[in-house]
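J.: Here's a sequence, model it:
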Amino acid sequence: MYKFLLLLLALSVVPQGISAQCEPQLLDCNSIIQACDLTPNATNYWNELGWWDNSNLTHDLAETKIELSIAVRDTCLGDTLSVRCLLFLDLDGNGSQETVVDSDNPPAAGMVNFGNALNPNYSGGTPRAFDQRPVPANLFWRFALKNTVVGDVASYKLHWVNDAAPGIAELPELAYGFHKVRWIVTNSAGAVKTCEKQFQVKDCKAPTVVCLNGLSVNIMPTKLITLWASDFLQYGEDNVTPANLIKISIRKSGTGIGFPLDSLGNPILNVTFSCDELGTQAVELWARDVAGNADFCETYVIVQDNLGNCGTPPGSFQVCAKTACGDAVEEANITVSGSPFAPPFWIGLSNANGCLVVPSNIPIAQGMILSAEKDNNPLWGVSQFDLLTIQKHIDGIDLFDTPYQWVAADANNDLKIDTFDIVECRKLLLGISTGPSWRFVDKSYTFPSPNPLSVPFPETITVDYSNPPFTPEFVAVKICDISCGNLVGFYDLEPENQHLIGAPEPNPTNEGAMLPLQLLGAENVLLELLDFSGRLLFRSEMYLPAGPALLEIPATALPQAGVYVWRVRAGEVAKSGKLVRY
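T.: The predicted structure is shown next:
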């Protein structure tokens, strides 16, 4: 009987001993917390006269959502956990966390008790509003803990809830700064575990900066021109930083990395170009917010010397080739003929500004003849739209505006504008034309009216030193480019490892359209046009050689106004899109 009582006593004591030694396990106490804000500032939170953001000079503290949670594993039999959350906030931005939110004694809805961190049990403090939404008082957010249990793991998370709908919970939106959260977990046996995490709420979104494109300036008599960052700025904006506090800076493209700063750490506000930098020059325009986030846009300026301030070396002259639109033509071949002692000889190529300085040591005498030629990039600026423009001129619907359009449209060089020229331009688009790609006209020549092609026009310039300075200039005319579309186009791209498929143009169209290709090698190409119900309206399959090509979508394939679907397959490469007929 005595041994049986001892056995019962032992069985009753062992579970109590195990429970006394059992402790909860905190699973994610070492994780790092950082809230990286990419959203616009919510003006209805943390916005009253008591708050002050010294960086952005505003009473509206920026904020973002953050998840503050702890996971606890409790394998103790019959155990009950008590979890307390202490949220320490630095709301005045001075580096110390002066305000505490206690989950066991939370502040009133929509409020925090500012400056209570040093008070006993974090009591007192000055009530300040963080929720200024125009809603009834019972919808103001207040801090509360929510927990979920899966197996032997309980997760506790700090939320915003309201009194009208306690079941609705949102992650709290906390103001920017360095804060911390302390979790205190106690089980029914009195075992206490504490977890403290530092965390930061910060702005991570770079400002949006939009450049102005295509500035054009003239070199000053000092042989320099200085441009300011503000000259290139269309607008800049940020999710938090006011526009007047966004810093802008500028540099010549490719001359550095990161936000441009001078030797004293100040933004670089201007760039200067010299006579050695005539032509198109690229620049980077940067914007930086008060948090140090920065981004840039790239644009360009055309540096010109229309007043001749850069001059030319003594005894030399400059010959230029520019389009009727004023764009420089790079790499035009300049040659000289008319010498009784030598055959025609090549001088050189025009530069990025469209000009070539002919040095005095090249024997060019009075009365000799300058000429220019350029036959590369035959599709430069030419599109189906140009063919339509020529047709409208022939039909008398929309006549050409300038004599240089007549020159460009005379593709077969017979001094007439007719359908044979459209045929030649179409052959050019298809890559089978053998005619000249450019023609160069003496800029000083005055065309007759009303028909500029009624007599031949001069395509050479006679050297004349009798009335210095001698400043010859050609007007470069791209054959078939009626619309002055001399921009970098699809055929200037370099295919690397697969065929390139462009997009049809014009789009929208009231006629047909042309679609460009660049093939790495000979390939089977399939072009199809469908209506939006999927019905096949047009199909063309062909075997094309390597290089540029142009596919035609005829007007007959587009029976009426509406939206169509085009698709092209070149070998394994496929592309599709929409084509609109109006």
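J.: quick one, domains of this protein?
T.: Annotated domains of the chain cover 20-203, 208-304, 384-478, 494-581 [automatic domain parsing].
J.: Please produce CSV containing these, extended by distance to Ala332.
T.: In short, each C-beta sits where N, CA and C put it, glycine included. Converted to CSV, the domains of the chain look like this (distance: least, CB to CB, whole Å):
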stretch, distance to Ala332
domain 20-203, 49
domain 208-304, 14
domain 384-478, 7
domain 494-581, 22
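J.: Just the helices from the chain, written as ranges.
T.: For the chain, the helices defined by DSSP state H occupy 2-21, 229-232, 384-394, 403-409, 419-429.
J.: Show me how far the second one is from its chain's centre.
T.: So that's helix 229-232. Relative to its parent chain, helix 229-232 has a centroid offset of 18 Å by CA atoms, centre = their mean, to the nearest Å.
J.: helices or strands next to it in the packing?
T.: strand 247-252, strand 279-288 (3 or more CB pairs under 8 Å, 6 or more residues apart in numbering; DSSP states H and E).
J.: For Thr323, which of the domains of the chain is the nearest?
T.: Closest approach to Thr323 among the domains of the chain (CB to CB): domain 384-478, 5.1 Å.
J.: sorry, back to before: now distance to Leu356 too, for the helices and strands packed on helix 229-232, in JSON lines please.
T.: Shown next, in JSON lines, are these (distance: least, CB to CB, whole Å):
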{"stretch": "strand 247-252", "distance to Leu356": "24"}
{"stretch": "strand 279-288", "distance to Leu356": "13"}
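J.: Mean pLDDT lowest where, among those strands?
T.: Comparing mean pLDDT over those, the weakest stretch is strand 279-288, at a mean of 92.
J.: How far does it sit from its chain's centre?
T.: What separates the centre of strand 279-288 from the centre of its chain is 13 Å, taken as CA atoms, centre = their mean.
J.: residues in contact with Asn113?
T.: Residues near Asn113 by CB atoms under 8 Å, 6 or more residues apart in numbering: Thr99, Val100, Val101, Pro107, Tyr122, Gly124, Gly125, Thr126, Pro127, Arg128.
J.: now do 10 Å
T.: The contact partners of Asn113, by CB atoms under 10 Å, 6 or more residues apart in numbering, come to 99-102, 105-107, 119, 122-128.
J.: same check, this time on Leu370
T.: If you count contacts by CB under 10 Å, 6+ apart, Leu370 has them with 317, 319, 334-338, 347, 356, 358, 364, 440, 442, 460-463, 472, 474.
J.: Mean neighbour count and distance to Asn44 for the helices and strands packed on helix 229-232 - can I get that in CSV?
T.: Shown next, in CSV, are the helices and strands packed on helix 229-232 (neighbours: other CB atoms under 10 Å; distance: least, CB to CB, whole Å):
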stretch, mean neighbour count, distance to Asn44
strand 247-252, 20, 28
strand 279-288, 21, 27
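J.: Among these, which comes closest to Ala570?
T.: strand 279-288 (32.7 Å).
J.: I'd say Arg569 and Lys575 touch.
T.: Yes - with contacts counted by CB atoms under 10 Å, Arg569 reaches Lys575, the gap being 8.2 Å.
J.: so what sits against both of the two?
T.: Counting by CB under 10 Å, 6+ apart, the residues touching both Arg569 and Lys575 are His499, Ile501.
J.: ok, how many other residues are close to the nearest residue to Asp131 once chain neighbours are set aside?
T.: Nearest non-adjacent residue to Asp131, counting by CB to CB, 6 or more residues apart in numbering: Gly110, 3.8 Å away. When neighbours are defined as other CB atoms under 10 Å, Gly110 has 21 of them.
J.: low pLDDT regions in the stretch 201-350 of the chain?
T.: Low-confidence segments of the stretch 201-350 of the chain, defined by pLDDT under 70: 312-315, 341.
J.: no no, the chain
T.: Along the chain, the model assigns pLDDT under 70 to residues 1-21, 30-32, 312-315, 341, 377-381, 433-435, 484-494.
J.: Out of the helices and strands packed on helix 229-232, which gets nearest to Asn213?
T.: Closest to Asn213 of those, according to CB to CB: strand 279-288, at 10.7 Å.
J.: any idea of the angle the closest one forms with strand 247-252?
T.: Strand 279-288 runs at 150 degrees relative to strand 247-252, counting by axes from the mean of the first three to the mean of the last three CA atoms, to 10 degrees.
J.: which of the residues in stretch 333-347 are buried?
T.: Buried residues in stretch 333-347, defined by neighbour count with 16 or more other CB atoms under 10 Å: Asn333, Ile334, Val336, Gly338, Ile347.
J.: do the same with stretch 318-331
T.: So for stretch 318-331, counting by 16+ other CB under 10 Å, buried means Gln318, Val319, Cys320, Ala321, Lys322, Thr323, Ala324, Asp327, Ala328, Val329, Glu330.
J.: Quick one, which of the contacts of Asn113 are buried?
T.: The neighbour count (16+ other CB under 10 Å) marks Thr99, Val100, Val101, Asp102, Pro106, Pro107, Tyr122, Gly125, Arg128 as buried among the contacts of Asn113.
J.: circling back to that earlier point, among the buried residues of stretch 333-347, which lie within strands?
T.: Judged by DSSP state E, strands contain the following of those: Asn333, Ile334, Val336, Ile347.
J.: for the third one, which residues make a bridge with it?
T.: This points to Val336. Phe345, Leu370 (DSSP bridges).
J.: Check the gap between the closest residue to Ile70 other than its chain neighbours and Cys85 for me.
T.: In space, and not counting its chain neighbours, Ile70 is closest to Trp183: 4.4 Å by CB to CB, 6+ apart. If you measure Trp183 against Cys85 using CB to CB, to the nearest Å, the figure is 6 Å.
J.: Quickly list what's touching both of these two.
T.: Leu68, Ser69, Ile70, Ser103, Leu145, Tyr156, Leu158.
J.: Contact partners for the last one?
T.: Contact partners of Leu158, counting by CB under 10 Å, 6+ apart, are 66-70, 85, 87, 101, 103, 143-146, 169, 171-172, 174, 181, 183.
J.: let's see it at 8 Å
T.: The neighbourhood of Leu158, defined by CB under 8 Å, 6+ apart, consists of Leu68, Ser69, Cys85, Leu87, Ser103, Phe143, Ala144, Leu145, Pro172, Val181.
J.: Also the fourth one?
T.: Residues in contact with Ser103 (CB under 8 Å, 6+ apart) are Val83, Arg84, Cys85, Leu86, Leu87, Phe143, Ala144, Leu145, Leu158.
J.: Backbone dihedrals for it, both of them.
T.: Main-chain torsions, Ser103, degrees, to the nearest 10: phi -70, psi -20.
J.: mind checking how far the residue lying closest to Thr75 once chain neighbours are set aside is from Asn507?
T.: Among residues not flanking Thr75 along the chain, Asp152 sits closest, at 5.4 Å (CB to CB, 6+ apart). Distance, Asp152 to Asn507, by CB to CB: 64 Å.
J.: Likewise for Trp183?
T.: Distance of Trp183 to Asn507, computed by CB to CB: 61 Å.
J.: Asn47 now?
T.: Taking CB to CB as the measure, Asn47 falls 48 Å from Asn507.
J.: ok, now Thr389?
T.: Distance of Thr389 to Asn507, computed by CB to CB: 16 Å.
J.: Of those two, which one has the most company?
T.: Neighbours per residue (other CB under 10 Å) separate Thr389 from Asn507, with Thr389 holding more: 21 against 16.
J.: Can you give me the neighbour number for the nearest residue to that one once chain neighbours are set aside?
T.: With CB to CB, 6+ apart as the measure, Ile482 is the residue that lies nearest to Thr389, at 4.5 Å, once sequence neighbours are left out. If you count neighbours by other CB under 10 Å, Ile482 ends up with 27.
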